[in-house]
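Asks: the following block contains a protein sequence and its predicted model.
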Amino acid sequence: MNGKQEKRIRRRAKELAYEWFLTVLPEGSEVTVQEVLNKLPTTTHIYTNNQLRLMPYTFKWFCKKVKQKGLEATLEKIKPE
């Protein structure tokens, strides 16, 4: 994929991760985007039902969902099944 496109995807994935993280925190909590990225799970895959699957709400998962849904993806559109 084009490097410029990948950069836009990662940027949008960071925004979505930040939005999601704010919904998990109690009201009035202030965090930066970098703090959110540091607090996201580092384990990206999980072994379940004899399959290796991508864990939800990791940075890699957000990137994958943005690729699937497009740059206009929202939190409502990317919720896991």
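Replies: Alright, I've got the coordinates.
Asks: quick one, strands of the chain?
Replies: 45-48, 51-54 (DSSP state E).
Asks: once you drop chain neighbours, what's closest to the residue nearest the centre of the chain?
Replies: When CA atoms, centre = their mean is applied to the chain, the residue found nearest the centroid is F62 (2.7 Å). Using CB to CB, 6 or more residues apart in numbering and skipping the chain neighbours, the partner closest in space to F62 is A13 (3.9 Å). C-beta: built from backbone N, CA, C; applies to glycine.
Asks: got a list of what that neighbour touches?
Replies: Each residue near A13 by CB atoms under 8 Å, 6 or more residues apart in numbering is listed here: F59, F62, C63, K65, V66.
Asks: check K4 too.
Replies: K4 neighbours (CB under 8 Å, 6+ apart): none.
Asks: isn't V31 right next to L25, touching?
Replies: Yes. With contact defined as CB atoms under 8 Å, V31 reaches L25; the gap is 7.0 Å.
Asks: any stretches of the protein with poor pLDDT?
Replies: Across the chain, the ranges flagged by pLDDT under 70 are 81.
Asks: for it, which segments count as helices?
Replies: Along the chain, the stretches classed as helices by DSSP state H are 3-24, 33-39, 59-69.
Asks: centre of the chain versus the longest one, how much separation?
Replies: Once both centres are worked out by CA atoms, centre = their mean, to the nearest Å, helix 3-24 turns out to sit 6 Å from its chain's centre.
Asks: between it and helix 59-69, how big is the angle?
Replies: Here the directions of helix 3-24 and helix 59-69 differ by 110 degrees (axes from the mean of the first three to the mean of the last three CA atoms, to 10 degrees).
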